[in-house]
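Student: Predicted model, plus sequence, below.
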Amino acid sequence: MEASSVVQGTQEIKQCKCLVCGHQWWPRSQARTKRCPNCDSTRWDIGPYTSDDRANVARKLWENRKDLEKEETIPTETNKEINDSIGEDKGGQNT
């Protein structure tokens, strides 16, 4: 029977298992492992995306789109001033 944790000095190190591909490994330290060494998934301890995750992402994108529509645009006078200054840089010939 394989142990699921090992005591190294005064620290207990637990065996990791990827919830995406099922791979099991022993971490080198007690710090959180960033990626599964087998499938390179950063969600190894969370599991794969589900349809609920995708729905939440879509909802957040939709809400952010609404926030972007509320942002103010540059006033027309400012655009005219910018165009005038560009025209002056080209030798002062405004059309």
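Tutor: Great, that's in hand.
Student: Find the nearest non-adjacent residue to residue 19, please.
Tutor: Nearest-residue entry for residue 19: residue 47, 4.0 Å, with adjacent residues in sequence omitted and distances by CB to CB, 6 or more residues apart in numbering. (C-beta placed from N, C-alpha, C; glycine too.)
Student: now do residue 20
Tutor: Nearest in space to residue 20, with sequence neighbours left out and distances taken as CB to CB, 6+ apart, is residue 41 at 4.4 Å.
Student: Spit out the contact partners of residue 64.
Tutor: With contacts taken as CB atoms under 8 Å, 6 or more residues apart in numbering, residue 64 has no neighbouring residues.
Student: one step back: give the contact list for the residue nearest to residue 20.
Tutor: Contacts of residue 41 by CB under 8 Å, 6+ apart are 18, 20, 21, 35, 48.
Student: which one of those residues has the most neighbours?
Tutor: Highest neighbour count within these, by other CB atoms under 10 Å: residue 18, with 21 neighbours.
Student: hang on, the earlier thing: I'd like the distance between the residue nearest to residue 19 and residue 63.
Tutor: 25 Å (CB to CB, to the nearest Å).
Student: Among the two, which residue is more densely surrounded?
Tutor: residue 47 (12 against 9).
Student: In terms of helices and strands, where is the more buried one?
Tutor: Using DSSP states H and E, residue 47 maps to neither a helix nor a strand.
Student: Against residue 30, how distant is it?
Tutor: 22 Å.
Student: how about the strands in this structure?
Tutor: For the chain, the strands defined by DSSP state E occupy 5-8, 11-14, 16-17, 24-25.
Student: Quickly, which of those bottoms out on average pLDDT?
Tutor: Lowest mean pLDDT of the strands of the chain: strand 5-8, a mean of 64.
Student: Could you work out the most separated pair of the contacts of residue 41?
Tutor: 35 and 48 (14.3 Å; CB to CB).
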